[in-house]
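[1] build me a structure from this.
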Amino acid sequence: MIVKHIKSDTPPTLPLWPDAAHELGIGRSTAYELVRTNQFPIRVLRLGKKILVSRADLNRYLGIDPDHAA
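    Numbering: from 1, shown residues only. Predicted coordinates for the structure are as follows:
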């Protein structure tokens, strides 16, 4: 079995605001409106009142290869 280790300084999810929205270059109201209308370009995870975005999904959407990021 192959086990990949996740770096402890890189959390697997980001909060929608401010992190994910900032990376996408959109404001808070726009981000929440896109989530509310199911038009946010990345799958979101809702945990109670928290809305999270997968870091891997965000990187993929932005075309960032995490293995070659600086």
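
[2] and for the residue positioned nearest the centre of the chain, nearest residue in space, chain neighbours not counted?
    Centroid check for the chain by CA atoms, centre = their mean gives Val53 as the closest residue, at 3.2 Å. Spatial nearest neighbour of Val53, excluding adjacent residues (CB to CB, 6 or more residues apart in numbering): Ala20 at 4.1 Å. For glycine as for every other residue, the C-beta is placed from the backbone atoms N, C-alpha and C.

[3] the one you found: how many residues sit nearby?
    Ala20: 25 surrounding residues under other CB atoms under 10 Å.

[4] and for the one 5 residues further on?
    Using other CB under 10 Å, Gly25 has 7 other residues around it.

[5] pLDDT value on it, please?
    What the model reports as pLDDT for Gly25 is 95.

[6] cool, and the one 5 residues further on?
    The per-residue pLDDT reported for Thr30 equals 97.

[7] how about Ile6?
    48.

[8] check the one 4 residues further on too.
    The score at Thr10 is 70. That number is its pLDDT.

[9] mind checking how far the residue nearest to the centre of the chain is from Pro15?
    Look at Val53 and Pro15: by CB to CB, to the nearest Å, they are 8 Å apart.

[10] swap in His22?
    Distance check for His22 against Pro15: by CB to CB, it reads 10 Å.

[11] equivalent analysis for Ile51, please.
    7 Å.

[12] the two - which one has more neighbours?
    Per other CB under 10 Å, whichever of Ile51 and Pro15 has more neighbours is Ile51, with 19 against 13.

[13] A helix includes the more buried one, no?
    No. Counting by DSSP: H, G, I helix; E, B strand; the rest coil, one finds Ile51 to be strand, located in no helix.
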